[in-house]
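> Kindly generate the corresponding structure for this input.
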Amino acid sequence: MSNWISVEDRLPRVNEDVLMRVTCSNYFNVEQGRYKGGDDWVNCWCSSRNADLYPITHWQPLPSSP
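Next comes the predicted model:
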């Protein structure tokens, strides 16, 4: 069963740390990041995302730490 949530169905809470699926051309990355509200997301290598260039299509809560 997939834990991924479409951004069309629901968004995280503002300032919630999540895993996010970022689309880059014909590829995608899974990255840890934070939802800042609206179309704004932040991750470890980029202070913000341009939703038109790197759309975030899905997200999920961070797993529990070991």
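> and the gap between the residue nearest to the spatial centre of the chain and residue 27?
The residue lying closest to the centre of the chain (Cα atoms, centre = their mean) is residue 20, at 2.8 Å. For residue 20, the distance to residue 27 equals 14 Å [Cβ to Cβ, to the nearest Å]. No exception for glycine: its C-beta is placed from N, CA and C like everyone else's.
> Ok, residue 14 next?
To residue 27, residue 14 is 28 Å away according to Cβ to Cβ.
> Kindly report the same for residue 59.
18 Å.
> Look at those two and report which has more neighbours.
Counted by other Cβ atoms under 10 Å, residue 59 and residue 27 do not tie: residue 59 has more neighbours, with 23 against 7.
> Now do the contacts for the more buried one.
For residue 59, the contact set (Cβ atoms under 8 Å, 6 or more residues apart in numbering) comprises 4, 5, 7, 11, 12, 18, 19, 20, 21, 35.
> May I ask which of these has the most neighbours?
Busiest of the contacts of residue 59 [other Cβ under 10 Å] is residue 20, holding 25 neighbours.
> Give me the secondary structure label for it.
Here residue 20 is recorded as strand under DSSP: H, G, I helix; E, B strand; the rest coil.
> quick one: pLDDT of it?
On the pLDDT scale, residue 20 is placed at 89.
> got a list of contacts for the helix or strand containing residue 35?
If you go by DSSP states H and E, residue 35 is part of strand 27-37. The contact list for strand 27-37 (Cβ under 8 Å, 6+ apart) reads 11-22, 41-45, 48-49, 56-57, 59, 62.
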